[in-house]
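Enquirer: Here is the input, now give the coordinates:
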Amino acid sequence: MRLAGTVTRRTWADAGPGAFNTVNWSAGLEVGAGFSPLRVGVRGGQLPFGPGATAATEVGFAAGTGRAFARGRAIVDGSLEHLRRTGAGLSERVWSFLLGFTVRP
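Expert: Model (predicted):
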């Protein structure tokens, strides 16, 4: 089992009108070792630019897995993410399916 997380603060407000300082965070968990782990994660924070007086916010949830082949030299990863953004005049919900391939010599 692996657990990871981060918090990042960025100062965008000096970029001009409509720019905001942001704080973003994320956390993830990987369960199961070997060739097919299960991964879950969550992230959130603020968007650096927007039309309102305050920064829009977003939060996302993801789950996925991967499969290794050829003694770990080829990897296929797949995940599903749900993202929600809200703010002044903004309301957005997104579902994304991500598919990745890695090949190592």
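
Enquirer: what sits against the residue nearest to residue 25 when sequence neighbours are not counted?
Expert: Of all residues not flanking residue 25 in the chain, residue 7 sits nearest, at 4.7 Å (CB to CB, 6 or more residues apart in numbering). (Each C-beta comes from the backbone N, C-alpha and C, glycine too.) Going by CB atoms under 8 Å, 6 or more residues apart in numbering, residue 7 touches 23-25.

Enquirer: next one: residue 88
Expert: Contacts of residue 88 (CB under 8 Å, 6+ apart): 50-54, 56.

Enquirer: For residue 31, state which of those residues is nearest.
Expert: residue 56 (32.3 Å; CB to CB).

Enquirer: residue closest to the middle of this protein?
Expert: Nearest residue to the geometric centre of the chain (CA atoms, centre = their mean): residue 43, 5.6 Å.

Enquirer: Check the secondary structure at it for me.
Expert: Classification of residue 43 by DSSP: H, G, I helix; E, B strand; the rest coil places it in strand.
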